[in-house]
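*Asks:* here is the input, now give the coordinates:
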Amino acid sequence: MTLHVCGRGLPDEQPVDYWIVDGAISLEPVDGAETVFSDGWIIPGLVDAHCHVGIGPGGPVDVDEAVRQAETERHAGVLLIRDAGSPVDTRAFDDHADLPRIIRAGQHLARTKRYIPGLPIDVDDETQLPEAVAAQARRGDGWVKLVGDWIDRGIGDLAPLWSDEVLKSAIDAAHANGARVTAHVFGEDALPGLINAGIDCIEHGTGITDDIIELMLANGTALVPTLINIDNFPGIAESAAKYPTYAAHMRALHASCRSRIGAAREAGVPIYAGTDAGGMVAHGRIADEVDALSGVGLSRTEALGAACWDARRWLGAPVLEHGAPADLVCFADDPRSGPEVLGRPDLVMLRGRVY
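*Replies:* Purely as a prediction, here's the structure:
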């Protein structure tokens with residue numbers, strides 16, 4: 001059956017008509033098509049650029065729960081996920097036409113005992129990092145995920161995991177294998193080494209300063225701030241009372257993060273929306289992250305673009321164009337008006353099938 005949707009597109013707000021033929025978009029009218037949506041707003045499928053399918057509050061989950069997580073994202077209109085590190089192999093999901101498309105970063109890479117147990121591949125000797133990065137680059141879908149900093153219990157505060165020299169070799173190894181690299185970074189100290197080594201993206205980035213923003217601009221480094229997860233920092237600090245320096249640092253990062261992310265946006269650092277769903281954040285909350293981005297200086301259109309058309313282009317995924325997969329989300333009301341609208345799509349279409 002041929003389907004038809006019509007309405008207004010974003011960001012240009014112009015009238016659009018799409019015919020859906022064999023799961024793909026056609027811009028040419030098709031006689032006899034069934035109109036399943038009209039008189040509203042139509043955008044490409046939403047993107048969560050930092051989402052962990054396969055991780056729950058207690059760590060890795062089974063495959064059935066990972067499927068439920070992906071279904072929750074689809075229900076929220078997220079049809080493209082950059083899975084920023086997961087211990088669960090979800091490559092079989094590519095054969096499920098009803099699940100969002102996933103761009104995988106393989107498994108987190110961390111120094112032994114320097115990240116959440118059960119999630120990363122532990123690297124005992126940092127000289128092994130380039131080889132481990134190359135392996136994950138070959139295993140993933142064009143991304144590798146490093147843990148850039150974490151609490152060092154010996155000093156009682158956040159500290160980098162890797163030397164500058166090994167980072168350069170590791171990131172070069174990823175690029176040589178056709179993959180981009182991103183890194184979890186909360187604090188300040190790990191950022192210069194990662195960015196100077198050529199990293200492509202920073203996750204969280206609560207420690208960015210004016211100097212780091214200039215460095216990111218010079219190196220073309222993107223930022224995925226995961227603002228709704230950063231809201232958990234006070235609770236993390238409370239649970240880490242036996243490390244008072246770390247706890248104070250986390251509170252300070254939380255207090256300054258929105259002004260720092262706003263300064264990055266003002267300077268022109270590319271910013272994309274990611275929720276960090278899978279651990280302390282429930283799946284299906286991309287609308288809340290878009291709302292949070294609009295609170296740090298992005299316009300409503302920019303914030304939505306960071307979770308939609310701009311994020312798709314950054315990840316090399318198609319938007320709504322002739323011949324592209326029919327992955328789209330429709331709203332009776334303007335999805336820029338707030339999370340109460342964006343979080344409740346009136347129609348979700350994935351691979352030409354209506355949900």
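*Asks:* low-confidence regions, the stretch 51-200 of the chain specifically.
*Replies:* Segments of the stretch 51-200 of the chain classed as low confidence (criterion: pLDDT under 70) are not present in this model.
*Asks:* what are the boundaries of the helices in it?
*Replies:* Under the criterion DSSP state H, counting those that start in this stretch, the stretch 51-200 of the chain contains helices at 63-75, 129-139, 164-176, 191-196.
*Asks:* straight-line length of stretch 6-20, end to end?
*Replies:* Terminal residues of stretch 6-20 are spaced 11 Å apart (C-alpha to C-alpha, to the nearest Å).
*Asks:* name the helix or strand for Leu304, please.
*Replies:* Leu304 is part of helix 300-305, with elements assigned from DSSP states H and E.
*Asks:* next: Trp19.
*Replies:* Trp19 is located in strand 15-21, with elements delineated by DSSP H and E.
*Asks:* quick one: buried residues of the very next helix or strand once past that strand?
*Replies:* Moving toward the C-terminus from strand 15-21, the first helix or strand encountered (DSSP H and E) is strand 24-26. Buried residues in strand 24-26, counted by 16 or more other C-beta atoms under 10 Å: 24-26. Where you see a C-beta, it was placed from the backbone N, CA and C, and this is true even at glycine.
*Asks:* let me have the residues you listed in CSV, adding pLDDT and distance to Leu315 as columns.
*Replies:* Putting those into CSV (pLDDT from 0 to 100; distance: C-beta to C-beta, whole Å) gives the following:
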residue, pLDDT, distance to Leu315
Ala24, 98, 19
Ile25, 98, 18
Ser26, 98, 24
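*Asks:* list just the nearest of the residues you listed to Val348.
*Replies:* Nearest to Val348 among the buried residues of strand 24-26: Ile25, at 15.1 Å, using C-beta to C-beta.
*Asks:* backbone dihedrals for the residue lying closest to Ile236 once chain neighbours are set aside, both of them.
*Replies:* Leaving out its chain neighbours, the residue that sits closest to Ile236 by C-beta to C-beta, 6 or more residues apart in numbering is Met250, at 5.5 Å. Here the main-chain torsion angles of Met250 (degrees, to the nearest 10) amount to phi -60, psi -40.
*Asks:* related to what we said a few turns ago, other SSEs contacting the helix holding Leu304?
*Replies:* The helices and strands touching helix 300-305, judged by 3 or more C-beta pairs under 8 Å, 6 or more residues apart in numbering; DSSP states H and E, are helix 286-294.
*Asks:* for the helix it packs on, what is the average pLDDT?
*Replies:* Rounded to a whole number, the mean pLDDT of helix 286-294 is 98.
*Asks:* now stretch 228-243
*Replies:* Taken as a whole, stretch 228-243 has an average pLDDT of 97.
*Asks:* first-to-last residue distance for that stretch?
*Replies:* Between where stretch 228-243 begins and where it ends, there is a gap of 24 Å, by C-alpha to C-alpha.
*Asks:* list the buried residues in it.
*Replies:* Burial within stretch 228-243, assessed by neighbour count using 16+ other C-beta under 10 Å, is assigned to 228-230, 232-233, 236-237, 240, 243.
*Asks:* so can I have a markdown table of these showing distance to Trp162 and secondary structure?
*Replies:* A markdown table is the format used below for the buried residues of stretch 228-243 (distance: C-beta to C-beta, whole Å; DSSP: H, G, I helix; E, B strand; the rest coil):
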| residue | distance to Trp162 | secondary structure |
| --- | --- | --- |
| Ile228 | 28 | helix |
| Asn229 | 23 | helix |
| Ile230 | 23 | helix |
| Asn232 | 25 | coil |
| Phe233 | 23 | helix |
| Ile236 | 22 | helix |
| Ala237 | 25 | helix |
| Ala240 | 23 | coil |
| Tyr243 | 21 | coil |
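*Asks:* beta partners for Pro15?
*Replies:* Listed by DSSP bridges, the beta-bridge partners for Pro15 are Arg8.
*Asks:* quick check: it vs Gln128, distance?
*Replies:* Here Pro15 is placed at a distance of 56 Å from Gln128 (C-beta to C-beta, to the nearest Å).
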